[in-house]
Every structure is written in C-alpha cells, then in structure tokens.
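In: for reference, the sequence and a predicted model appear below.
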Amino acid sequence: MRLVMTEPVERMNRPYARRWWALLVLCLSLLIIVMANTALTVAAPDMTKDLGLSGADLQWVIDGYTVPYAALMLLLGAIGDKYSRRGALGLGLVVFGGGAVFGYLAGSATAVIAARAVMGVGAALIMPATLSLLAATFPRAERARAITLWTATAGLAIAAGPVVAGALLRDHGWASTFLINVPVAAVALVGTFVLVPPSRAGHHDRIDHVGGLLSVIWAGALIYTIIEGPHFGWGPKAVTAGVVAGVALTAFVLWELRHPRPVLDVRRFTGRRFAGSNLAVALFFLAVFGAFYYLTQHLQFVLGYDALETGVRMLPLAGAVFVGSALTGWLTPRVGMKWTVGAGMVGGTTALALLTRVDAASAYGDLVAPLVILGLAIGLALSPCTDAIMGAFPESELGVGGAVNDTSLELGGSLGIAVLGSLLATSYGDHLTDATAGSKLPASALDTARDSVGAGYAVAQGIGDKAHRVAARAAAAKDPQQAAQLKQQADELAGGARQMADAVGSAFSDAVAHTSLVGAVILGIGTVLVAVLLPRRESPAPQVKEEERELVDSAAG
C-alpha cells in the first residue's frame, strides 16, 4: 500500500477501492468544523467570566468564525476545483488547526475573536472540499449513501460538541475546547494524503475572480447584517452592511448571468429541485441552530445541568439523526425526494410546535420527544437535499456545488441564531418585566437581569449571597433589636432572591415557548413552499446536459 495516495480519481478506470476509508477522513474533517461552533455554546460562560467578555464580545467570539466561513466558501470551492480539492482540504486542516492553537493561547477577547476568524477561513476551505471529494470519489450509485453518512456526521457533531466540551470543562479551562481540535485535525490531515485520492476539475479555465470577489462581499456583508442588526440594533453599521450586501448581490447576479464561465451559474436556481433543496437546507438549519441555541441555555440555566450533563442530554438528537438517515436511504428511492423531504420538514415543524408547551414546570423529559423528532427530521430531509444540490453540478464544479450547499446551511444557521435568538431575548425581557412587576427589587438589578437568563440568575444569586451575609451579621449581633432587624432584612432579601430566580426561570421558559412558536410558523410556511417547489417526479440529473455542452464546446474548439 502506498504511503501517499497519488493517483487522481479522474484517471481511475474503476471505483476507488478505499473510498469508504476516504469517507471516514472526510467525515472526521466535517466533524471538527461543526463541533467548533456547538462546543462553544457550553464553554462560553467560563470564557466570559475568565476574559471579562461583554455581550458584544461574546457574540463576536461566536460569529467571528461564521463571517469568513460563509463569505469565502464559494470562491475557495472554485479554487479547489481548479487546482486541487485534496490540497484545499489539507490546507484547510492546517489553517483550522493553527487557529485552534492560537485560540488555546489567547488571553483577550480580541485574540479569541481573531483565532475564531482564522478557524473560519480553515472551515471555508474544508467544508466544500469534503463534499466535492466525496462526490468525485464515489460512483453515482453509491453517492447518495455516502452523502447520507456525511449528513449523519453533521448531526452527530451538533450534539457531540457540548459533550466533548463539557467533559473537558470539568477538569480544564475553556481553552481546552480549542486544543482538542488540534490532534483531530492532525489525524485528518494524515488521512487526507494517505487515503483520499487527488481530484480536480477536468478543464483548466480561468477562475471568475470578479464573481468570486462579489460573492465574498455579498455573503460576508449579509452575514454581518444578520448578526449585527438583531443583536445590536439597526444602527449605521447594520444598515450600511445591509445596503452593501444588496448591491453586491445584485452585481453578482448580473455579472454571473453575462460571464461565459461564471463561478456560479445562477440560472440553476430557476430549477425547482435545486431551488427547493437549497431552501429546505436553509430553513432546516434556521430551525436546528435556533432551537439548539435556546435549548442548551434552558438545560444549563433553568434546569441546572452542568456543561457535560447538558451535552449528554442532547444526544437523543444525534441518535435520531442516524435513524432518520437510515430511513431516508430506504425511503427516498421508493417514494421520491419530494415526500421524504416533506416528511422531514413536517417533522421539524412538529418538534418546534411541541416546544411551545415548555413552561416553568417542564423537566428534561418534556424535551426528549421534540429532540428525537427533530433529529429524525434532519436525517430524513437533509441527505436528499444535499444529494440533489450536488447532482445539479458537473464533475468540474463539485467544489462550487459543495460551497452552495454549505452556504445555504450557514445562512440558515446564522439566521436561526440571530432572528430566533433576538426574539428569545426580547421575549425573555418582556416576560421578566411582567413577572417582577410590583416587586421591591432595585431597578438596576432588574435592568441587569433583563439582559439574559444568565444575568438574571446571577442577580438572583447576588441577592441570595447578600441575604446570607446579613443573616450572619444578625447571628453575630449582641443587640436583640438589631439582630431582629437584620434577620428581617435577611428574610426579605432571601425572599427577593427566590422571587427573582423563579421569575427568571418562568420568563425564560415562556420565551422558549414563544420563540418555538415563531420558529414552527416559519418552518411550516417553508414546508409549504418547498413542497410547491420540489417536482413530484425525479428529473434527469442536470449536469448531464452541462457535461454534454462542455464536450461540444471542446470539440468545436
């Protein structure tokens, strides 16, 4: 066996013998870039305390990864197609691992945000490369099954991130959640050159750099707008970014329509199957990332689980994704993509609708059914959509195809966290105001508590700590009258702490229910739109005509 795989997959006259081992490497690469975000959700409280992060700092620690990741994928996918998909994967793993080491060593908010941005660049190289190499390595008869396993890995990573981070945080600091990526990236890097065959596009046309640059501008500005507006208000920064995104997107579409070899042929979006699949991916990850964002907070703050316990309680979602993926592999060839995807989206809507029943008395058992249904829905819907998106591209544009799929995923996830997260914060603040109306708590404490559920419980704990100190003074007082007054004050403070904690838990639970209702409505409307868009019957793969056109062009040349 060769130490380094050197034979390009395009020159093989039969399917690559070690393709399933290669898939393992691709899935491992996918695992760490998805876990990089989900692990942060449970590491964020420790990081906030240690570095003294403000709310804005923490938001950009999370989203410093997202902006370069989403903005660069399309251009880097095209570059990988032209030069080397395997090279793009290898370089991405090096950059990602380097960013993780930087994050481990970081000692300030600015350094952590910079480290996350570097990791985002690495992820933008890795993500489209994994899908393009998968599609290039597997024959069409096996591609759907390979994509199903790839999708199931993404579902596993969503739930595994908090478990791994939680286990590390029990004995180590938040920086360890960065360092865990390094050995995994190193193993994946070795596997990339030992098990994954080289691959690149069959033709060597010049890259549409103008289109690529415009894609970076509109995607980056759009993601920035989605993050900045809902979280920090629609001030000059958010509005300017929104205008830039709109102008750049318009210019991108017009340029791509006129370019003979566009970085992305936007006419593909006129195809119902392609458009419906991208819409389904975006809507699903809007729902999944939004629900994940507030459910992890509910488990940690309201139900009182630590980081590891929270991660373990999200595992039913991952297990259900695998079951749903197995079902879609059996169902889709029999009933068609339209029905499988439709069933998945109905399942996702149902899961969010069940979360509308969450209240202050809800326990973990009330969340299990929604988690399982949501996992099944992910497994049912996403694999056929990803297969359809990749099938719309010729072999020469598989990196671009992977980038389109992943951009839809990332846009949906960013919208889910921004829109549903903003709605959650507003709803929580409003419910807390109602719950504490008429209380004797200081106005400053109430204002702080409205900022977030974590701040609310911190205020309650602070009042409780003050009650303990006053009670200790009462016990030590020698004057009976003074002792009685101090004891009364301590009792009032203790009552206020309990009132605040109960109000915070109730307000956040009500906010979860309200946000889930809005998410269910959005996904329900999206389900109808996707059902209208997706054709009832499967049509021949669009790339066949594209490849024939390329052959004609080549012959004419």
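Out: Received, thanks. All values reported here derive from a predicted model rather than from experimental measurement.

In: when you work out contacts or count neighbours from here on, use the C-alpha atoms and nothing else.
Out: Noted.

In: helices or strands next to the helix ranked longest in the chain in the packing?
Out: Longest helix in the chain by number of residues, with DSSP state H as the criterion: helix 480-533. Counting contacts by 3 or more C-alpha pairs under 8 Å, 6 or more residues apart in numbering; DSSP states H and E, helix 480-533 is packed against helix 272-297, helix 337-355, helix 421-435, helix 453-476.

In: what's the closest of those helices to V163?
Out: Closest approach to V163 among the helices and strands packed on helix 480-533 (C-alpha to C-alpha): helix 272-297, 11.4 Å.

In: give me the buried stretch members for the closest one, please.
Out: For helix 272-297, a neighbour-count test (16 or more other C-alpha atoms under 10 Å) marks 273-297 as buried.

In: quick one: list the elements packing against that helix.
Out: Against helix 272-297 (3+ C-alpha pairs under 8 Å, 6+ apart) you get helix 40-51, helix 337-355, helix 365-391, helix 398-415, helix 421-435, helix 480-533.

In: what's the first helix or strand after that helix?
Out: Counting by DSSP states H and E, the next helix or strand C-terminal to helix 272-297 is helix 307-313.

In: show me what that next one is packed against.
Out: Counting by 3+ C-alpha pairs under 8 Å, 6+ apart, helix 307-313 packs on helix 140-171.

In: got the angle for the helix it packs on vs helix 272-297?
Out: Helix 140-171 and helix 272-297 are oriented at 20 degrees to each other (axes from the mean of the first three to the mean of the last three C-alpha atoms, to 10 degrees).

In: what mean pLDDT does helix 140-171 get?
Out: For helix 140-171, mean pLDDT rounds to 85.

In: switch to numbering from 47
Out: Happy to do that; since the first residue is 47 now, the last one works out to helix 186-217.

In: point out the other helices and strands that it packs with.
Out: With 3+ C-alpha pairs under 8 Å, 6+ apart as the test, helix 186-217 has helix 65-84, helix 86-97, helix 155-183, helix 222-225, helix 353-359, helix 361-381, helix 411-437 packed against it.

In: which one of those helices lies closest to A198?
Out: helix 361-381 (5.5 Å).

In: contacts for stretch 528-537?
Out: For stretch 528-537, the surrounding residues in contact (C-alpha atoms under 8 Å, 6 or more residues apart in numbering) are K512, A513, H514, V516, A517, R519, A520, A521, A522, A523.

In: change it to 7 Å
Out: A513, H514, V516, A517, A520, A521, A523 (C-alpha atoms under 7 Å, 6 or more residues apart in numbering).

In: neighbour-wise, which one of the residues you listed leads?
Out: Ranked by neighbour count (other C-alpha atoms under 10 Å), the contacts of stretch 528-537 have A513 at the top, with 24 neighbours.

In: coming back round to it: ok, which of the helices and strands packed on helix 186-217 comes nearest L444?
Out: Nearest to L444 among the helices and strands packed on helix 186-217 is helix 155-183; the distance by C-alpha to C-alpha comes to 4.6 Å.

In: rewinding a little: will you turn the helices and strands packed on helix 318-343 into TSV that also has distance to L215 and mean pLDDT?
Out: Shown next, in TSV, are the helices and strands packed on helix 318-343 (distance: least, C-alpha to C-alpha, whole Å; pLDDT from 0 to 100):
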stretch	distance to L215	mean pLDDT
helix 86-97	7	79
helix 383-401	29	94
helix 411-437	24	92
helix 444-461	25	88
helix 467-481	25	88
helix 526-579	24	90
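
In: dump those helices into TSV; add mean neighbour count as well.
Out: Listed next are those as TSV, based on neighbours: other C-alpha atoms under 10 Å:
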stretch	mean neighbour count
helix 86-97	17
helix 383-401	24
helix 411-437	25
helix 444-461	26
helix 467-481	21
helix 526-579	20
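
In: what's the closest of the ones you listed to L235?
Out: Checking these against L235 by C-alpha to C-alpha gives helix 444-461 as the closest, at 18.6 Å.

In: could you say what helices and strands the closest one packs with?
Out: Applying 3 or more C-alpha pairs under 7 Å, 6 or more residues apart in numbering; DSSP states H and E, one finds that helix 444-461 contacts helix 112-128, helix 155-183, helix 318-343, helix 411-437.

In: could you dump the ones you listed into a markdown table with distance to T223 added?
Out: Below are the helices and strands packed on helix 444-461 laid out as a markdown table (distance: least, C-alpha to C-alpha, whole Å):
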| stretch | distance to T223 |
| --- | --- |
| helix 112-128 | 17 |
| helix 155-183 | 12 |
| helix 318-343 | 17 |
| helix 411-437 | 24 |
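
In: between the ones you listed, which gets nearest to L135?
Out: Of the helices and strands packed on helix 444-461, nearest to L135 by C-alpha to C-alpha is helix 155-183, at 4.8 Å.

In: list the buried ones in that closest one?
Out: By neighbour count on 16+ other C-alpha under 10 Å, the buried set for helix 155-183 is 155, 157-183.

In: for stretch 56-70, same thing?
Out: Neighbour counts over stretch 56-70 (16+ other C-alpha under 10 Å) mark E56, Y62, R65, W66, A68, L69, L70 as buried.

In: cheers, nothing more for now.
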